[in-house]
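Asks: all I have is the shape, not the residue letters:
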């Protein structure tokens with residue numbers, strides 16, 4: 001997974017958060033899309049914990065405009081997306 005780009009929706013808690021941690025531990029670059037107000041803070045914590053590139057985008061995946069904005073942000077940062085976990 002080294003340097004692969006992964007988007008995890010719902011990655012701020014629960015199974016999504018466990019997925020983010022698993023990918024980060026394997027060297028993936030991870031974008032957390034979650035509607036939690038704590039998404040960015042959680043991403044920063046995981047990034048430091050695993051010395052990985054992890055960033056958070058507050059996103060409501062039921063809102064098409066949010067998804068489009070998050071997609072643009074992620075592509076601007078990473079250039080591509082290799083995997084999506086929903």
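Replies: Right, received. Where do you want to start? These figures come from a predicted structure and were not determined experimentally.

Asks: how many neighbouring residues does residue 40 have?
Replies: Around residue 40 sit 16 other residues, with neighbours defined as other Cβ atoms under 10 Å. For the C-beta atoms, the positions are set from N, CA and C on the backbone; glycine is no exception.

Asks: my read is that it contacts residue 55, right?
Replies: Yes. Counting by Cβ atoms under 8 Å, residue 40 does reach residue 55; the two are 7.4 Å apart.

Asks: after the lengthiest helix in the chain comes which helix or strand?
Replies: Using DSSP state H to define each element, the chain has its longest helix at helix 64-78. Next in sequence after helix 64-78, counting helices and strands by DSSP states H and E, comes strand 83-85.

Asks: got the buried residues for that next one?
Replies: By 16 or more other Cβ atoms under 10 Å, the buried positions in strand 83-85 come out as residue 85.

Asks: which elements pack onto it?
Replies: Contacts defined by 3 or more Cβ pairs under 8 Å, 6 or more residues apart in numbering; DSSP states H and E place strand 83-85 against strand 5-9.

Asks: so what does the strand it packs on touch, helix or strand wise?
Replies: Against strand 5-9 (3+ Cβ pairs under 8 Å, 6+ apart) you get helix 14-25, strand 29-34, helix 64-78, strand 83-85.

Asks: 10 Å - rerun?
Replies: Applying 3 or more Cβ pairs under 10 Å, 6 or more residues apart in numbering; DSSP states H and E, one finds that strand 5-9 contacts helix 14-25, strand 29-34, strand 54-58, helix 64-78, strand 83-85.
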